[in-house]
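1. Please work out how this folds:
(one chain, ligands or ions: 1)
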Amino acid sequence: MMNKWEGIVLKSIPYGESNKIVTIYTREAGKMTAMARGAKKPASRLAAVTQSFTHGFFLLRTGRGMGTLEQGEPIDSMRHIREDLEATAYASFVVELIDRLTDDQSQSPNVFSLLYDALHAINEQYDPEAIALFVEWKMLPVAGVHPVLHQCANCRATDGEFAFSFKEIGFLCHRCFHIDPYLVRLTPTQLRLIRTFFTVPIQEVGSLKLKKATKQFMKKIVRTVYDEQVGIRLKSRQFLDQLERTPELLPKIEKPQEEGD
Ligand SMILES: [Zn+2]
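-> Numbering: from 1, shown residues only. Sure thing, here's the model as predicted:
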């Protein structure tokens, strides 16, 4: 059966002399893996369209076993993501996370929209670190984790002071702080931000300017949840952690001379 689907390339693995095995998250049919014959050859008409992050239309032949990618027609090659090391690193994290948390042919319009919005936002030069962080929070339910963030996870109160509990996977109110000795106390701003990250679409929050410390705080919470509840190791995360430890790896963007030195 031939299908023309809109999709985004999550990954592309060389296979044999000249082929690639490409994983595409499609809007219509979810995640699909297909053989792209000849795509490894630079002159192939499939070479460009099978690169990671490409958003396009894909003509896929499906049947028993692995499908075949017959044709591809790019809509957006995500040029900024390709050319900017930091954007590439965060976009790689986004596609790897989505790839690892979804199964072939499992269809979810929410996952496609999240992937679509996140990559376009990174490509349009929104803060890639914040976008990757939004994706981490929003993929929690896909990973089977449903944090309780609208009320106290223990007594269901909606008023009072709150903390994040890894044990209860969600908020605890001050009346229930005693049930988890390891909870993380939250300021009202942090509480609001966690709710925003979890519930609001990327378009509405993508333009938020977040401080480095705020992003680190949000990251620490969501990563602890992933480590304790999901337990996946991502290659791209190691590279990102390395980038954050050694920011001099990133090419310097021309900045006006700082005062006083
Ligand atoms: Zn409570």
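2. Can you tell me the closest non-neighbouring residue to Ser113?
-> Distance criterion Cβ to Cβ, 6 or more residues apart in numbering; nearest residue to Ser113, sequence neighbours excluded, is Pro201 at 7.9 Å. From N, CA and C alone the C-beta is placed, and that goes for glycine too.
3. what are the phi and psi values for that neighbour?
-> Dihedral pair for Pro201: phi -70, psi 150, per degrees, to the nearest 10.
4. didn't it look like it was pressed against Ala121?
-> No: Pro201 lies out of contact with Ala121 (Cβ atoms under 8 Å); the separation is 10.6 Å.
5. Compare those two and say which is more crowded by neighbours.
-> Between Pro201 and Ala121, counted using other Cβ atoms under 10 Å, the more crowded position is Ala121 (23 against 13).
6. Please identify the helix or strand for the more buried one.
-> helix 109-123 (DSSP states H and E).
7. Buried residues of that helix, list them for me.
-> Neighbour-count burial for helix 109-123 flags Val111, Phe112, Leu114, Leu115, Tyr116, Asp117, Ala118, Leu119, His120, Ala121, Ile122, Asn123 (criterion: 16 or more other Cβ atoms under 10 Å).
8. Return only those of these found close to the ion.
-> Among the buried residues of helix 109-123, proximity to the ion is found for none (Cβ under 5 Å from the ion).
9. Which one of those residues is nearest to Leu243?
-> Proximity of the buried residues of helix 109-123 to Leu243 was ranked by Cβ to Cβ; the top entry is Ile122 with 14.5 Å.
10. Verify the stated contact: that closest one with Leu133.
-> No: assessed by Cβ under 8 Å, Ile122 is found out of contact with Leu133, at 11.8 Å.
11. Tell me the residue of the stretch 1-150 of the chain that sits nearest the ion?
-> Across the stretch 1-150 of the chain, no residue is closer to the ion than Val148, which sits at 10.5 Å (Cβ to the ion).
12. So what's the residue count around that residue?
-> When neighbours are defined as other Cβ under 10 Å, Val148 has 15 of them.
13. How about the lowest-mean-pLDDT helix or strand in the chain, which residues are buried there?
-> Within the chain, no helix or strand scores below helix 202-205, which has a mean of 76 by mean pLDDT, DSSP states H and E. Residues of helix 202-205 classed as buried by neighbour count (16+ other Cβ under 10 Å): Ile202, Val205.
14. outside of that helix, which residues touch it?
-> Here helix 202-205 makes contact (Cβ atoms under 8 Å, 6 or more residues apart in numbering) with Leu114, Asp117, Ala118, Ala121, Ala130, Ile131, Phe134, Lys138, Thr196, Phe197.
15. so which of those residues comes closest to Lys41?
-> Closest approach between the contacts of helix 202-205 and Lys41, by Cβ to Cβ: Ala118, at 30.7 Å.
16. list the contacts for the closest one?
-> Here Ala118 is in contact with Ala91, Val94, Ile131, Ala132, Phe134, Val135, Ile202 (Cβ under 8 Å, 6+ apart).
17. about what we covered before: got the CA positions of the helix holding Ala121 in CSV?
-> The C-alpha coordinates for helix 109-123 follow below in CSV (Å, rounded to 0.1, in the frame of the first residue of the first chain):
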residue,chain,number,x,y,z
PRO,A,109,-1.5,13.6,17.4
ASN,A,110,-0.2,15.1,20.6
VAL,A,111,3.2,13.7,20.1
PHE,A,112,3.4,14.8,16.5
SER,A,113,2.3,18.3,17.5
LEU,A,114,4.8,18.5,20.3
LEU,A,115,7.6,17.3,18.0
TYR,A,116,6.5,19.7,15.2
ASP,A,117,6.2,22.7,17.6
ALA,A,118,9.5,22.0,19.4
LEU,A,119,11.6,21.6,16.3
HIS,A,120,10.1,24.6,14.6
ALA,A,121,10.6,26.7,17.7
ILE,A,122,14.3,25.7,18.0
ASN,A,123,14.7,26.4,14.3
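18. picking that back up, list every C-alpha atom in the helix or strand just after the least confident helix or strand of the chain, with coordinates, as CSV.
-> Note on helix 202-205: by DSSP H and E, the next helix or strand toward the C-terminus is helix 212-225. In CSV, the C-alpha atoms belonging to helix 212-225 read as follows (Å, rounded to 0.1, in the frame of the first residue of the first chain):
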residue,chain,number,x,y,z
LYS,A,212,19.7,29.8,33.8
ALA,A,213,19.0,29.0,37.4
THR,A,214,15.3,28.5,36.8
LYS,A,215,16.0,26.1,33.9
GLN,A,216,18.4,24.2,36.0
PHE,A,217,15.9,23.8,38.8
MET,A,218,13.2,22.7,36.4
LYS,A,219,15.6,20.3,34.7
LYS,A,220,16.7,18.7,38.0
ILE,A,221,13.1,17.9,38.9
VAL,A,222,12.1,16.4,35.6
ARG,A,223,15.3,14.5,35.2
THR,A,224,15.0,13.0,38.6
VAL,A,225,11.5,11.8,37.7
